[in-house]
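Asks: The following comprises the amino acid sequence and a computationally predicted model.
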Amino acid sequence: MPKVLIVDDDTDLVEAMKIVLESRGYAVDCAYEGESGFKKARTGRPDLIILDVMMKTKDQGFQISYRLKNDPELSRIPILLLTGVARETGFTFGREDEDYLVTDELAEKPLKPAKLLSTVERLIKKGGAKTGTQRS
């Protein structure tokens, strides 16, 4: 059973994603801020991490993603970075931002259940190659 770690400070969104993922047989663990998410990734070794951008700080997700992808023991875990930045600020990310966005995929939240499931399945199959950002 693949393991997914959700790291997001929006408890309602976390619970909704957890229900959707568990309905498809995924084991789901949750953390509600970046540092505890990093620790859970280290101890739990999930098959995928779903990570919010804005938590304790407006860029905590970027910082945690960078740390995960630069940690020799965790770098192959795929990361789906979720953001509401465009909705809240009007700022969007593109290919020119790849040096700063060390992640496997970036998507606007909330993801519809079907899109969440297809993205999670694809990223887990991909196996977390250290790549640049893909827009969803």
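Replies: On my side now, so go ahead.
Asks: who are the neighbours in contact with residue 23?
Replies: Counting by C-beta atoms under 8 Å, 6 or more residues apart in numbering, residue 23 touches no other residue. In this view, the C-beta of every residue, glycine as well, is placed from N, C-alpha and C.
Asks: same thing with residue 46?
Replies: Counting by C-beta under 8 Å, 6+ apart, residue 46 makes contact with 3-5, 29, 40, 77.
Asks: C-terminal to the helix or strand bottoming out on mean pLDDT in the chain, which secondary structure element comes first?
Replies: Sorting the helices and strands of the chain by mean pLDDT, DSSP states H and E puts helix 85-89 at the bottom, at a mean of 50. Next helix or strand after helix 85-89 toward the C-terminus (DSSP states H and E): strand 105-108.
Asks: End to end on stretch 47-59, go ahead and measure it.
Replies: For stretch 47-59, the first-to-last residue distance is 23 Å (C-alpha to C-alpha, to the nearest Å).
Asks: Tell me the secondary structure at the residue nearest the centre of the chain.
Replies: Centroid check for the chain by C-alpha atoms, centre = their mean gives residue 50 as the closest residue, at 2.4 Å. Secondary structure for residue 50, judged by DSSP: H, G, I helix; E, B strand; the rest coil, is strand.
Asks: got the residue ranges for the strands in this protein?
Replies: 3-7, 27-31, 48-52, 79-83, 105-108 (DSSP state E).
Asks: Which one, of those strands, ends up nearest to residue 125?
Replies: Set against residue 125 and scored by C-beta to C-beta, these come closest in strand 48-52, at 10.2 Å.
Asks: Note down every partner strand of the closest one and its orientation.
Replies: Sheet pairing here is set by DSSP bridges, and for strand 48-52 it gives strand 3-7 (parallel), strand 79-83 (parallel).
Asks: Point out the most buried one among those strands.
Replies: Among the strands paired with strand 48-52, strand 79-83 has the highest mean neighbour count (mean count of other C-beta atoms under 10 Å), at a mean of 25.
Asks: pLDDT averaged over that one, what's the number?
Replies: Averaged over strand 79-83, pLDDT sits at 91.
Asks: quick one: that strand to chain centroid distance?
Replies: 4 Å (C-alpha atoms, centre = their mean, to the nearest Å).
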